[in-house]
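In: need a structure here:
(3 chains)
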Amino acid sequence: MILPQHELEDGRKQVQRMTAILEIHDLHVSYRSSGSELSPALKGVSFRLMPGEIMGVLGESGSGKSTLAGSLVRLLPGNALVTGGTVQFEGKDLLQANPDELQAIRGRHISLIFQEPSLALHPTIRVGEQVRQVLAAHGSRGKRTLNERTRQIFAEIFPEETDRISRSYPHQLSGGQRQRVLIAQAIACGPSVVVADEPTASLDPTTQMEILGVFRRLRERLGLAMIFITHNPALLSDFADHVLVLYAGEVAECGPAESVLGLPRHPYTKALFQSTPAVSGKPGTGRKAKLPVILGDSSRSSLPIRGCCFEPRCTERMEICKEREPSPANLSVSHTVSCFKYES
Amino acid sequence: MRYLVRRLGHAFFLLAGASVLAFLFTALAPGTYFDEMRLNPQIAPETVAALRAQYGVDKPLPLRYASWLNSVLHGDMGFSFAYNGPVAPLLVVRARNTLLLTITSTLFAWAIALPLGVWSAERLGRLSDRLLSWGTAVLLVIPDLALALGLLIVAVRSGSFPTGGMASVDFETLSPANKLRDLALHMILPVTALVLSTLPLLVRHVRASVADVLDAPFLLAALGHGIPKRTLLYRYALPAAANPLISLFGFSIGVLLSGSLLIEVVMSWPGLGPLLLEAILARDLYVVIGGMLFSTFFLVGGNLFADMLLYWADPRIRAESNAR
Amino acid sequence: MKVEATATGKNVHPLLKVENLVKRYTKRSLAGTPEELLALDSVSFTISPGTTLAVVGESGSGKSTLANCLACLESPTSGNIWFEGKDIVKLEERACRQVRRQIQLIFQDPASSLNPRWSAFEVLVEPLILQRKFNREEIKKRVNYWLGRVGLSQDIVGRSPMELSGGQRQRLAIARALTLEPKLLILDEALSALDCSVQAQIANLLMELQGSLGMTYLFITHDLAMAAHFADEIAVMDRGRIVEQGPPNKIFIQPEQETTRRLLAAVPRIGRGDQSALER
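Out: Predicted coordinates:
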C-alpha cells in the first residue's frame, strides 16, 4: 500500500520510513494432515518490525501464532509447509536460506524463547552450561572468554545468587528462574530480534510481571526488537509498542498499542477485550453479571469456506461478509483493520 | 549416598540368594563326582566311601552349605575334585580371561552402537535408516553359535589370524609389545563374535531412545539457539536419552557374559566357559557352583555399575534419592 | 447487600467449614536432616451453599494442597473439615468415598484428567455406571441431559477428549463432575489454561449452573480479576496462611495485606484501565 505523502509529518511515519529489521510479507503456512490434504495455519500475514520495537502478537489457540513464531526462523514441525511469502531479515529472505545460514542466524541474530520454561531446558545439563553452549555455538572461542561471558550474562539476568543459579539444574529452579534462564540463552549472543512465544503463560501473575520487567529492561539496555506472542491482551498494555491481532491465521487488526488496546476497531478484538473481566475499584460492579462472550469457537471445522473468517461469530456482520474476504483498511498510517466496516 | 548404599545392599542379597540357589540346583542334579569311580573296578568301594566321607558329600545340604560358606570366607570357595585343589585360584585365572573378553566386547559394542544408533535415529524413516534396521534385524535372528562358526570358517580360510586359544605357543619368549600384539590378535575372533551378537540389540535401543527425545521441546529450543547439529545430537539428545540406555548397559554386560561362555567353548578361549563345561560333565560340584557365582557376581557388578552411572548422569535421580 | 448476607450466612448452615487445617510435609535435605514444610498453616474458612469462595495466591502458597485435602486426595496433618456437618477428616475409607462423590474437582488441564482412550460418551458414562443406580435408558438420558446443560453438542460424544478443543474439554470435565450430582465443585485453576474468550464462556457456564442448580464453588486461582468477577468472597493465601479474606470490593478497594497489594498490582489491565473506550 502506498501512503499519502502528507502523513509523513506523523511521528510514527518517521519510524516507518526507517528500514524494518524484519519484514514479513504475505506469509502462508499450511500443515499437511493425514493424506495429502493441506490445512492452512497462516493465510497471508504481513507486518514489519522496527529496530528496538516490541510487537505484541495477540491470538488464541488455533490463530496460528505459534506457527508464526516458528516460521520466522524456520523451526516448524515436519508436516508444516511454507506455501508462500517472504521473511526479510537484513536484506535476506530467511525462507530461502540454507541450513547453515539459518543455524548462524538462529540464536545469533534472531532468538526464540519458547512457551514452557520447564520443557525448553535440557533436564540434565546445568543451566550455566546451557547458556555457555549457545555462546560456543556462535563462535565465542576460548574457555576463559566463554566462561567470563557466561558469567556476565548470568549477572545481568540474576543480579543475586549468580553463581548458585548458573550451577543449578533446571529442576532446582522455580518457574520464574527457569524463564530467566531461557531469556539468558536468548540474549547471550546479542541478537537484534527476540521472538517470545507465550513466555509467561505458565507463570503466576506476580512472576509474569517480573518477567515482563526483565524484558522491558533488556529492551532499554540492549535495544532489542521483540515479537511477543500471547493470548492475553492485558499483558500487552504498557509493554508492546505495536499490537497485531491474529484470528484464524489472518491479521484482523494491526496498529500502535495504545490505539488497538485503547480503541479496538475489529469486531473480534472488541469482543475479545470485553470478555476479560474488568478490574475496577468501583463498588458493586459486575457481580454475578455474565461476561460478554464471543459465541462459538474458531476450530477449523467451524470456519466458513467463503468470506470473512470471523463472520459466523461476528455480532456486526453484514451481507458482504459472507461473500468475500475483507482486505486490510487503513484507519491511520499505522493502524489497519481487516473489516468491511472500515473499507471505503 | 543412601542410594548407593541401598544398591550395594541389593547386590549383596542377590549374591547370597544366587549362592543358595546354585547349591540347591546342583544338589538336585543326579550323581556326584564319585559315582563314576564306583564303576571303575580298579578302585575299591572302601576307597570311594572314604573319599565321600572326607569331602562330606553325604552330609545334609545345610551343613554342606555352611562348610562351603566357611571356605568362601577363607578364600577357597570349596574344593575341586578334578583339579585336587581349592576352587578360588582356579576360577580367578579363568574369570580374568573371561572378564578381559567381556569388557573389551562391551566397550567395542557400545562404541559402535552409539554413533550408529544416533545416526539412524536422525535419519528416522529414510532409506539409510531402513537399510540399517534391516541389517540389524538379520543379524538379530542369526544364532550366536552359527555366527561364531561362520567367523571360524572365515578365519581358517584366510589364515590371517589365530582361530583358538589366548596366546601363541612362543608367547613367553615375546617382548612386552609383541605379547600385547599376540593377545590382541587372539582376541579378534571372539570379540568380533560377541560384538556382532549384541550389536543389533544395542543399535535398535539407542535408535529408539534417541528418536524418542528428538522431538523434545528442549531440543527444538536448542536448535532455535543455533546449536550445531553434532553438539545437538551428542551433547543434548544422547544424555537425555541416556537413562534407559544406561540400564541397558547393565543388562548388556549380562548378555555378553552368557554369550561369552558359549563363544569361549567354541573358540577355546581359556575362560570360565570351558572350565564350567568340563566341571559340569565331571560333576565337579564346587567348581560349578563357583563358576555360577562368579558369573552372577559379574552380572550384579555390571548392574551396580549401571546404577552408579545413572546416579551420576541424572541430577533428578540424585535429588530424589536424597529427598527420601 | 446480598454479598454480605450470603457470606456471613447468619441463618444458613455452611456447606463446608474448615477449621485450623494444617498440612506438613517433611523433606530430607542433602545432609539427611529433616526439613519441615508447612503447606497449610491453620487455615479456617466457611462456604455457604450456593456461593463461591475464591482462594487466590501465588504458586507455592498452598492453594492446591488445600484443594487436595478438601477432595480427600490428601489427608491433613491436623484440623477439621466439616462437610454438611460431618467431619470428613475422621471418616473411614467407605464413608469417605460417599463424601468424595459430593465434592468434585475440576483441574486446570482436563486433558490430563480425562482418559485419552475413551470417547467423550464413555467419559460421561463411567461415573453413572459405577453408581449402579441406572439402567441403560436412564444413563443415555442423563448423558444427553448433561451434555446439553454444559453446552456441548450431541455429535461430540464419539470423539476422544484429545480431539476436542480446550473449552470443549473443560465443558466435558464439568459435565462428568456434574453427573455425580455433587454439592461442591472445587475449581483448581480451572480457567487458567484457556483462551480469554473461552475463559469467559466457561465462567458464564459455571455461574449459570450455580444459579440453576445452586452449586457451591471453591475457586482456586491466581487470577485476581476473574476471582473478583466470579466469587462472593475472596481469601488471599500466602505461604500456607489465609492472610486476608473478604468480599471482592473490599479486597480491591482497601487491601490490607502486602500480598494482596502485590497480587493486585500484578493484575494486567487492557488499555491502561481505560475501560470506557471499550463500551463504544
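In: give me the most central residue, chain A.
Out: For chain A, the residue lying nearest the average C-alpha position, counting by Cα atoms, centre = their mean, turns out to be A:I229 (2.8 Å).
In: and A:G62, what does it touch?
Out: Taking Cβ atoms under 8 Å, 6 or more residues apart in numbering or on different chains, we find A:G62 in contact with A:A248, A:S298, A:S299, A:R300, C:S165. From N, CA and C alone the C-beta is placed, and that goes for glycine too.
In: what about the residue in the stretch 101-250 of chain B positioned nearest to chain C, how many neighbours?
Out: Per Cβ to the nearest Cβ, B:P217 is where the stretch 101-250 of chain B lies closest to chain C, at 16.2 Å. Residues within reach of B:P217, counting by other Cβ atoms under 10 Å in any protein chain shown, total 14.
In: quick check: end-to-end length of stretch A:27-43?
Out: 7 Å (Cα to Cα, to the nearest Å).
In: helix/strand/coil for the residue nearest the centre of chain C?
Out: For chain C, the residue sitting closest to the mean C-alpha position, by Cα atoms, centre = their mean, is C:L187 at 1.9 Å. Of the three states, C:L187 takes strand according to DSSP: H, G, I helix; E, B strand; the rest coil.
In: tell me what the helix or strand hosting C:S42 is packed against?
Out: Per DSSP states H and E, C:S42 falls inside strand C:34-47. Helices and strands touching strand C:34-47, by 3 or more Cβ pairs under 8 Å, 6 or more residues apart in numbering or on different chains; DSSP states H and E, are strand C:16-28, helix C:63-70, strand C:78-83, strand C:241-246.
In: and stretch C:137-147, what's buried?
Out: Buried residues in stretch C:137-147, defined by neighbour count with 16 or more other Cβ atoms under 10 Å in any protein chain shown: C:I139, C:R142, C:V143, C:W146, C:L147.
In: separation between the first one and C:L128?
Out: As defined by Cβ to Cβ, to the nearest Å, C:I139 lies at a distance of 5 Å from C:L128.
In: swap in the last one?
Out: Using Cβ to Cβ, C:L147 is found at 13 Å from C:L128.
In: how about the longest helix seen in chain C: buried residues?
Out: Scanning chain C for the helix with the most residues, using DSSP state H, yields helix C:196-213. Using 16+ other Cβ under 10 Å as the test for burial, helix C:196-213 gives C:196-207, C:209-210.
In: rewinding a little: now do the contacts for the residue nearest to the centre of chain A.
Out: A:G56, A:V57, A:G59, A:K65, A:S66, A:L68, A:A69, A:V195, A:A196, A:D197, A:E198.
In: out of all of them, which helix in chain B is the longest?
Out: helix B:176-213.
In: from the contact counts, what lies against that one?
Out: Going by 3+ Cβ pairs under 8 Å, 6+ apart, helix B:176-213 lies up against helix B:87-122, helix B:127-141, helix B:144-158, helix B:242-266.
In: got the angle between the first one and helix B:176-213?
Out: Here helix B:87-122 runs at 50 degrees with respect to helix B:176-213, directions being taken by axes from the mean of the first three to the mean of the last three Cα atoms, to 10 degrees.
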